[in-house]
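Enquirer: got a structure for you, letters missing:
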């Protein structure tokens, strides 16, 4: 008799989640042991759809929850209700969620309520400050308590979970974003007109992203003021900023960065264009979490525009410098990277601590082992 397939429901709703879950969905689809289903919440509608198109992913369920001026409570309650219906219809063996978004937390909670196993991809990251990043730090901590399978990028992430005595099985896999780059970087050619017109040959291009809630207000003003100073004092560089769709971020970017001749404020980029931009940039300035993993995989130094990071491995490896949100410190670190070739080289050549691009096969293998379809245990910590 043919063995029943393991029914896996992958749930995600934001652009960063989609980029990191897409190669895992592809891996599960390629294996005969799995019945792979995809549910998107559309916590971010436009930015999510671009990633789905990039990876040619067909969704089985779309909760389409996004509304104007949505609050965290709105997002959580709509996902709990909508995903509850999906779980009753599909009865999956396991629900996979990613990272630290409100989609991930609410989906894990819905699965727990339905007594369905939860697998947490990119588990174990911690700052141990519940309000930084907000609400992500609390989201991922709560998912850690709900999950039965923890797929962690690094051994340090595993140790975090062991120290918290979360229960379940912990598998060290690497980060799936490295897998994603096999799909996205490609030949490096751009489709976006603003990127086609950049002179990467004779000018150093810096990629900037800034969007986090905890940077709203004075921190964002400080960041943008430092960036404008950097552009003014270095007319031979170009700074490219794909501006987040948040109305607050867009207004702030225009106020503090608009009109500078060598700062390009452009529309958000899809995963392929963003990875290609970073691959050709000199270095990256960001308050994003995922970019702290992506840019080092491309050999690009990163200045992190946050006061703390849940990815200390990159700081320890030397691929990342933590700048905080102080204007003078941001300006000084960026200037140093432009002027000090030895510092730049040491950061660009540091070993990326987030894996070898085989995270998705390891996660699939771990699921086979966990569901007793394989006797070969992958690298793991069993609690």
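Expert: Looks like it arrived, so ask away. This one's a predicted model, so the numbers in the text were calculated from it and none came from an experiment. Numbers count the residues shown, from 1 in each chain.
Enquirer: Sticking with the spatially closest residue to residue 320 that is not a sequence neighbour, tell me its helix or strand.
Expert: Excluding the flanking residues, the one nearest residue 320 by C-beta to C-beta, 6 or more residues apart in numbering is residue 314, at 3.9 Å. Where you see a C-beta, it was placed from the backbone N, CA and C, and this is true even at glycine. Assessed by DSSP states H and E, residue 314 sits inside helix 312-317.
Enquirer: What are the contacting residues of that helix?
Expert: With C-beta atoms under 8 Å, 6 or more residues apart in numbering as the contact definition, helix 312-317 has outside contacts at 153-154, 156, 292-293, 296, 302, 309, 320-322, 350-354.
Enquirer: Centre of the chain to the helix or strand that that helix is followed by, how far?
Expert: Heading C-terminal from helix 312-317, the first helix or strand you meet, by DSSP H and E, is strand 320-322. Relative to the centre of its chain, strand 320-322 is centred 17 Å away, using C-alpha atoms, centre = their mean, to the nearest Å.
Enquirer: Contacts for strand 320-322, please.
Expert: So strand 320-322 is contacted by 292, 296, 301-304, 306-309, 311, 314-315, 333, 337, 347 (C-beta under 8 Å, 6+ apart).
Enquirer: of these, buried ones?
Expert: Buried members of the contacts of strand 320-322, counted by 16 or more other C-beta atoms under 10 Å: 292, 296, 301-304, 306-307, 309, 311, 314-315, 333, 337, 347.
Enquirer: now, which of these lie within helices?
Expert: Assigned to helices by DSSP state H, the following of the buried ones among the contacts of strand 320-322 qualify: 292, 296, 314-315, 333, 337, 347.
Enquirer: Throw these into TSV and include pLDDT and distance to residue 231, thanks.
Expert: Converted to TSV, those look like this (pLDDT from 0 to 100; distance: C-beta to C-beta, whole Å):
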residue	pLDDT	distance to residue 231
292	92	23
296	92	24
314	91	25
315	94	26
333	98	15
337	97	14
347	96	21
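Enquirer: Out of those, flag the one nearest to residue 239.
Expert: Nearest to residue 239 among these is residue 337, at 12.9 Å by C-beta to C-beta.
Enquirer: rewinding a little: most neighbours out of the contacts of helix 312-317, which is it?
Expert: Compared across the contacts of helix 312-317, residue 302 has the highest neighbour count, 29 neighbours, by other C-beta atoms under 10 Å.
Enquirer: mind checking which helix or strand residue 253 is in?
Expert: Secondary structure from DSSP H and E places residue 253 in helix 247-257.
Enquirer: Closest to residue 128 out of the contacts of helix 312-317?
Expert: Taking C-beta to C-beta as the measure, residue 309 is the one of the contacts of helix 312-317 closest to residue 128, at 11.8 Å.
Enquirer: Wait, that closest one touches residue 292, no?
Expert: Yes: counting by C-beta atoms under 8 Å, residue 309 does reach residue 292; the two are 6.6 Å apart.
Enquirer: Return the backbone torsion pair for residue 195.
Expert: Backbone torsions of residue 195, given as degrees, to the nearest 10, read phi -80, psi -30.
Enquirer: Could you report the neighbour count for it?
Expert: Other residues lying near residue 195 total 21 when counted by other C-beta under 10 Å.
Enquirer: ok, it - contacts?
Expert: Counted by C-beta under 8 Å, 6+ apart, residue 195 has contacts 240, 266, 269, 273, 276-277.
Enquirer: of all those, which comes closest to residue 249?
Expert: Comparing the contacts of residue 195 against residue 249 with C-beta to C-beta places residue 266 closest, at 13.3 Å.
Enquirer: Compute the distance between that closest one and residue 176, please.
Expert: Counting by C-beta to C-beta, to the nearest Å, the gap from residue 266 to residue 176 is 27 Å.
Enquirer: Same drill for the two, tell me which one is more crowded.
Expert: Neighbour count, other C-beta under 10 Å: between residue 266 and residue 176, residue 176 has more, with 29 against 15.
Enquirer: how near is the more buried one to residue 23?
Expert: 6 Å.
Enquirer: residues shared between the contacts of those two?
Expert: Common neighbours of residue 176 and residue 23 (C-beta under 8 Å, 6+ apart) are residue 360.
Enquirer: where along the stretch 101-250 of the chain do the strands fall?
Expert: Ranges of strands in the stretch 101-250 of the chain, per DSSP state E, counting those that start in this stretch, are 117-121, 149-152, 169-172, 204-209, 237-242.
Enquirer: so how far is the second one from its chain's centroid?
Expert: Okay, so that is strand 149-152. 16 Å.
Enquirer: Check which helices and strands that strand sits against.
Expert: Judged by 3 or more C-beta pairs under 8 Å, 6 or more residues apart in numbering; DSSP states H and E, strand 149-152 is in contact with strand 117-121, helix 155-164, strand 169-172, helix 359-370.
Enquirer: cutoff 6 Å now
Expert: The contact analysis (3 or more C-beta pairs under 6 Å, 6 or more residues apart in numbering; DSSP states H and E) places strand 149-152 against strand 117-121, strand 169-172.
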